[in-house]
Every structure is written in C-alpha cells, then in structure tokens.
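*Asks:* could you look at this predicted model? Sequence included:
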There are 2 protein chains.
Amino acid sequence: MAATIKDVARACGVHVSTVSRTFSAPHLVNPATRSRVLAAADDLGYRPNRAARALTTGRTFNMGLIVADIANPFFPPLIKAAQAQARGRDYHVFVADTDEDPRVEEELIRTFTKQVDGVLLCSPRLSNKMIERLAEDVPFVVVNRRIKGMPAVLMNVAQGAKLALEHLAGLGHRRIALVSGPIGSWTSNEMQGVAAETPGLDLVFFGPNQPTEGGGLAVAADVAACGATAVLAYNDLVALGLIEGLAAMDIGVPDQISVIGFDDILPGRLNRPKLTTVAMPAVAAGRMAVDLLLQSGGEGATVTLDTALIVRESTGRAQR
Amino acid sequence: MAATIKDVARACGVHVSTVSRTFSAPHLVNPATRSRVLAAADDLGYRPNRAARALTTGRTFNMGLIVADIANPFFPPLIKAAQAQARGRDYHVFVADTDEDPRVEEELIRTFTKQVDGVLLCSPRLSNKMIERLAEDVPFVVVNRRIKGMPAVLMNVAQGAKLALEHLAGLGHRRIALVSGPIGSWTSNEMQGVAAETPGLDLVFFGPNQPTEGGGLAVAADVAACGATAVLAYNDLVALGLIEGLAAMDIGVPDQISVIGFDDILPGRLNRPKLTTVAMPAVAAGRMAVDLLLQSGGEGATVTLDTALIVRESTGRAQR
DNA sequence: TCCGGTATGGCAACCGGTTGCACAAACCTT
DNA sequence: AAGGTTTGTGCAACCGGTTGCCATACCGGA
C-alpha cells in the first residue's frame, strides 16, 4: 500500500491539513514543521494522489489528445510537439487512438472527461453536433476542423492545394485527378473547394477513400484509366500507395504521371522517387493547440497555419 | 457544470446510494426505481465521474503505455494492438512519449500512478533499479527488457538475427557488416551475440549509431568502404538511411550490397527496393502485454515472441 | 397468525486530498 | 502593558462517488 497523507500526518504528529499545505501551499507552513513533514514524507515514500487532488481542485494538470490513427506518420510530430509544449506548462498529455471509429472517439472523450483538463481533438470523425454536445463536459481544442465558437487550429490546406495546382499547371498538366480522403473530412472538402475554383483545369474526382496507402493502391487503376497526367492525393500515404499501384502497372512516376501528396511524412522523404508534397505545420499545430487549450477559457480563437509546397521528385512536365 | 450523482438523486427523490447502485450494481435496485433513476440521469446528462469512482474502488479501468519515441514507426502497431485488446477488456489506454529521456520517463510513471491500474513500459530507458522501485507504486509490464520478477514481453531478436544471417549466407555472402544501434540497447546486444556465435562469417561491426535514418546515412560510406557485400542493420530506419546513402554513391541495393533491417515498419514496405527485414511481433506484443497486465497480479510471467524473416527486394546473391 | 427470509433503499463512513474559518501564540506598536 | 497584527496549525466540510450495515416492507409457509 502506498503511503497516504494520513500516514505522513501521523508519522510526524501533525494534522493532515498541514501535510497537505506542505505540498500545495508551502509558504503557509512554518519552515521547521515543513522540513519535518518533508522528512517523514520522504521516509514513507509519500506522493500526493493526483486523482484525489483533482477531485477537490478540479484540475488534473493533464490533457488528452485524440487522433484518428496513431500509425499515420502525420501525427507523431504533432503529438511530440504537443507533449513538449505541455511539459513546459507543467502538464502531461495522454494520447489515445480512435481507429477512425466515431463511436470509439466518443467513448474516449467520455473517458477523458474529468480525468483531464481538456482535450485536443485532432482530425475528429464525429459530427459537429456531437462535438458541440460533448464540449459541455470538457474543454476542447479542435485541430483540422472548424466548429462554431470552438477554439481551433487549422492548417491552410486551401493555400497548399492552390500552390500544388499552380505547380502542376506550370508543368503543363491540365487533366488532374483529385484523390480525396474519408467522408466528412474537412481537409478533403477544402482541397476540392480550391480545385473546383481554379480555372483552366480539367478535374476528375475519386473518393471517398481510406486515408492510407491501401486507399491509394485501390484507386490506382481507376486513376490510370481516367487519362489524368497528374494526381493530387489526400495525403502522402495515399500518394505512396498510388505510386506503388502505378508502378505495378508499369506506369512511371513522374515520367507518365505526376503525383503530389499532403503532410510531408517520413516515408515520403525516403521513397524513391521522393515525394513532392504539401508540408503541413504539424509541429506548430501541436504547440499551438496546447497553448490555446491553456489560454482560452474555452473561447473560440481560431488559428490558421500556413502550409508549404515541397517540390521533390514525383512531379515533372506533363507528357503529351 | 456537469450533473453529479446528487443532482440525479434529488431529481427523482431517492438517496444517492440508490443512484450509485443503479449504475454499479443494477440487480440490487427495483426495476421500477431503476428506470426512474435512469430517466432522470439521462435527462440531466449525468455520467459517473470515473476519477471519483476510482478513488473508492481503487480501479480506474485504464492503463498507461509509455514509449521512448512515438515517432518511431515501430511503436504505432504495438500501441494500436494494445488499445484494441484493452478495449475488449473494457479498458482504455493512455499513451505517453518520453522523448528518450529517462527523467521524463520517471515523471510520466509517477503521473500515471493512481490514474491507471497499470503501466506498459515499452523499451524503457530507466535503470532496472529505478524500475523496480517504481513498481512498488503501480503494476508494470515491461516490453523488450528483462527485469527479475517482473512480467515481461520479449521479442526473440536472437532468433531473427540468426534467420537473417542464414539467409545472407545462403545467398553466398561471407563478409557482413553489422550496423548496431544506441549503446546499451538490449536488442543490439542480442544481435551482436548471435552474429559472433555464427561460424563461417566475416563480420565487421559499426556502432554505436543513432537508431534513425540519419544513423544509417552516416555510416553508409564506411560500410561501402569495408568491403562487405551485405549489411544487417539495427532497424529498418537505419537500413533505409543506409540504402539512401549507398544510392547517393551509386551503389545499388541489392545488386552490389544486400541490406536487411529489423522491425518491418511501413516505410520499409513502401521503399523501392522493398526492404528485406526481420519482422518484430509488435502486434502480438501489444496484445500480450495487456493480457499480462490484467492477468498477473504483478507476478513475473515472461513471454517470448518469435520473429520472422520477411524476404523482399533488398537482398540478393552476393556479387562475385 | 406468527415467523423466518428476501428484496429494497436509506444512513453514514470512507477513499485521499483541499480549503475556508477559527483560534492561539508570538510579534509589533504606541 | 494593553491592543492590534501576523503567523501557524487544527477543525471540519467538501469533492463525487461506493459500500457495509441496518430498518422496513413484503413474501410464502407452517
């Protein structure tokens, strides 16, 4: 059994409240008493029970971070940045993965409620309505989604998509395939919105798709068949799967088809050809989300971070 | 303010204990009463406060999972497997990343204590002594480390290394480079041990190295210069870095040098050439760790899981 | 009709802390 | 020396639940 505050109190003949104060308000207790208490506490290996403390104070000093898929290389940098930032603010981050399942997402949020002071919701799959409802029980910061009145960190996908399309247009591509992500993905919508508004392009939409290499692999044949000379993929994983699928059909990238992804994840950098991609500000987003959660009393500041086009080897002049 | 058990009790004119029982021991309460309580609870949006409940029951129904580096693609599958397994047992998993820093690791464990029922410690960086000490406060299951009397999940690295070396030998390789990982890594030691014991090979050691692509990139020149026709790398990231470095020197893999990694991570599968690797049973390990934590009352069962050689495209017959 | 047994739900202590309030001792003032 | 501050500590209520014990009501059986 771990020692409790009572054990310490008994051990040095003092009231529990004094022990409590020794840890949470040291200036209120006489230095002599304080050191006696500390000695006894150290002796017994006493550590305050954070859960019990949270019950009265209402603060846990930890925050939850929920992602749809921790295996997606896009998230780890964001997670690490959030953890580092939180650590600097005396907070700890608990991460959980929903497996892309909205019900799991809801359950996780419910679990986090009362065990954390707030939750960072990254690329949520739940409906806005549901998120708003759950927000009554625990403060949120949403990443990659805009929800009225809720603090959010957004990445300027539209701008990135614009850069990508301009890059492709500059290389002479006109017929461009748009390989989107899961239904209801905010990012997907942004991409499509921009593409539709860009004049002079001949767009072909494919979707919805799994946001994984499997998703890319699955549409490769259709994309090849549609006559597009370039592809804008939902993310790097999809792009990589696509390239793999094209390779299996002996279609060279970028010689016959150019491919651009989103995210700038590690496998894309290691791939041959190295993937041209729109880099997402994941690190900045992680940091910012933590700050927003800690600052905002839940008030809805929205931060939009810029993206950048990284031209590598998977894009080239349009064949014709 | 979220509704508490008291609000519900008041709302339907019943004692708090009855409300409590409605949720934690339904068979003890009259069906009629029960449905009144449930109605009121639903009406008020009441959810039991898990932290408060844990205070009296001593069970939180969540477990912690600590990894050294969440950005290492080796971990996500393990994490996901653990989460899935835990979910099936009505548990939730909170993940945290230590950034390879033992002090952070210790702090995280302390934070988890009393907020979880147990902790899965993956590839810990703390000393055995410290881990044993901390184990007095919270049950552990250790992954990839052997600590006396503590439940552990081990991966049979030695066996995997043996398979890999046999594979290379079978392809006619004799001079083989061993590119190890960080100092003190248990995995590294296992690999070297096996290699040294395998007769008929001409081994060249390189290490210690960063366990990342950068580490592989950095030794590529040395490896090329040493005359080895094959390389066994600490993990896939190192192997990929190595291949990239070799490519930069116009040395083809597997035409001129064969490369084998460890882990079987996603980028290796996506790489061209696809990486031959020793697959670690990360999924099984995640599942097993959860089961061990839930079964063992902290007693030290040790499970060793087999590895498997996955031959893909980065190994071929020895030149000459 | 009386009795033991069971179903139901209230009471109150408890989990491990925190904190407003009260009170005594010590410390200044003038 | 009397009166006003500080300072340091104890007391007890409280956070949101759980649970052992007890009282009451209801049941069937003899």
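*Replies:* Structure's in. What do you need? Here the structure is a predicted model, which means the values were calculated and not measured.

*Asks:* for the stretch 51-200 of chain A, which segments count as helices?
*Replies:* Using DSSP state H, counting those that start in this stretch, the helices assigned to the stretch 51-200 of chain A run over residues A:75-88, A:102-112, A:128-134, A:157-170, A:186-197.

*Asks:* and chain A, which of its residues are near DNA strand C?
*Replies:* Residues of chain A lying near DNA strand C by C-beta under 7 Å from any atom of the strand: A:4-6, A:16-17, A:20-21, A:23-25, A:46-49, A:52-53, A:55-57. Glycine gets a C-beta too; all of them are placed from N, C-alpha and C.

*Asks:* bridged to the residue nearest in space to the middle of chain A, which residues?
*Replies:* Averaging the C-alpha coordinates of chain A gives a centre point, and the residue nearest to it by C-alpha atoms, centre = their mean is residue A:122 (4.0 Å). Beta bridges link residue A:122 to residue A:143, judged by DSSP bridges.

*Asks:* ok, it touching residue A:143?
*Replies:* Yes: checked against C-beta atoms under 8 Å, the pair residue A:122 and residue A:143 is within contact range at 4.4 Å.

*Asks:* related to what we said a few turns ago, nearest to residue A:38, of the helices of the stretch 51-200 of chain A?
*Replies:* Within the helices of the stretch 51-200 of chain A, the stretch nearest residue A:38 is helix A:75-88; the backing value is 24.6 Å (C-beta to C-beta).

*Asks:* mind checking the pLDDT average for the closest one?
*Replies:* The pLDDT scores in helix A:75-88 average 97.

*Asks:* neighbouring contacts of it?
*Replies:* Contacts with helix A:75-88, where a contact means C-beta atoms under 8 Å, 6 or more residues apart in numbering or on different chains, come from A:63, A:65, A:67, A:69-70, A:92-93, A:95, A:120, A:122, A:143, A:282-287, A:289-291, B:70-71, B:76, B:96-97, B:99, B:104.

*Asks:* need the residues touching each of residue A:122 and residue A:143.
*Replies:* Any residue near both residue A:122 and residue A:143 by C-beta under 8 Å, 6+ apart counts here, and that gives A:78, A:289.

*Asks:* how close does the residue nearest to the centre of chain A get to residue A:153?
*Replies:* Distance, residue A:122 to residue A:153, by C-beta to C-beta, to the nearest Å: 9 Å.

*Asks:* next: residue A:8.
*Replies:* 43 Å.

*Asks:* quick one: which of those two has more around it?
*Replies:* residue A:153 (28 against 25; other C-beta atoms under 10 Å in any protein chain shown).

*Asks:* so what's the more buried one up against?
*Replies:* Contacts were defined as C-beta under 8 Å, 6+ apart; by that measure residue A:153 touches A:141-144, A:285, A:288-289, A:292, A:302-303, A:305.

*Asks:* how close does it get to residue B:253?
*Replies:* Between residue A:153 and residue B:253 the computed distance is 41 Å (C-beta to C-beta).

*Asks:* what's the answer for residue A:272, then?
*Replies:* Following C-beta to C-beta, the distance that separates residue A:272 from residue B:253 is 11 Å.

*Asks:* neighbour count winner among those two?
*Replies:* More crowded of residue A:272 and residue B:253, by other C-beta under 10 Å: residue B:253, with 25 against 15.

*Asks:* before we move on, what SS does that one have?
*Replies:* Under the three-state scheme (DSSP: H, G, I helix; E, B strand; the rest coil), residue B:253 adopts coil.

*Asks:* verify the contact between it and residue B:244 for me.
*Replies:* No: using C-beta under 8 Å as the test, residue B:253 is too far from residue B:244 to be in contact (9.7 Å).

*Asks:* returning to what we had before: possible to save the helices of the stretch 51-200 of chain A as JSON lines with distance to DNA strand D and mean neighbour count?
*Replies:* Converted to JSON lines, the helices of the stretch 51-200 of chain A look like this (distance: least, C-beta to the nearest atom of the strand, whole Å; neighbours: other C-beta atoms under 10 Å in any protein chain shown):
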{"stretch": "helix A:75-88", "distance to DNA strand D": "24", "mean neighbour count": "22"}
{"stretch": "helix A:102-112", "distance to DNA strand D": "12", "mean neighbour count": "19"}
{"stretch": "helix A:128-134", "distance to DNA strand D": "16", "mean neighbour count": "15"}
{"stretch": "helix A:157-170", "distance to DNA strand D": "40", "mean neighbour count": "20"}
{"stretch": "helix A:186-197", "distance to DNA strand D": "33", "mean neighbour count": "18"}
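
*Asks:* okay if I get those helices as a markdown table plus distance to residue B:235?
*Replies:* Rendered in a markdown table, the data for these read as follows (distance: least, C-beta to C-beta, whole Å):
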| stretch | distance to residue B:235 |
| --- | --- |
| helix A:75-88 | 16 |
| helix A:102-112 | 30 |
| helix A:128-134 | 38 |
| helix A:157-170 | 32 |
| helix A:186-197 | 31 |
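
*Asks:* stretch A:60-69 - what's its average pLDDT?
*Replies:* Predicted confidence along stretch A:60-69 averages 96 (mean pLDDT).

*Asks:* no, scratch that, I was asking about stretch A:133-143
*Replies:* Per-residue pLDDT over stretch A:133-143 has a mean of 94.

*Asks:* enumerate the positions of it that are buried.
*Replies:* Buried positions in stretch A:133-143, judged by neighbour count with 16 or more other C-beta atoms under 10 Å in any protein chain shown: A:134-135, A:137-143.

*Asks:* farthest pair in those?
*Replies:* Across the buried residues of stretch A:133-143, the two members that end up farthest from each other (C-beta to C-beta) are A:137 and A:143, 19.2 Å apart.

*Asks:* derive a ChimeraX selection command for the buried subset of the contacts of residue A:153.
*Replies:* Only the buried entries of those go into this ChimeraX selection, using 16+ other C-beta under 10 Å:
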select /A:141,142,143,144,285,288,289,292,303,305
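
*Asks:* what does chain A put close to DNA strand D?
*Replies:* Contact residues (C-beta under 7 Å from any atom of the strand) of chain A with DNA strand D: A:13-18, A:21, A:28-34, A:52, A:55-56.

*Asks:* perfect, I'm done here.
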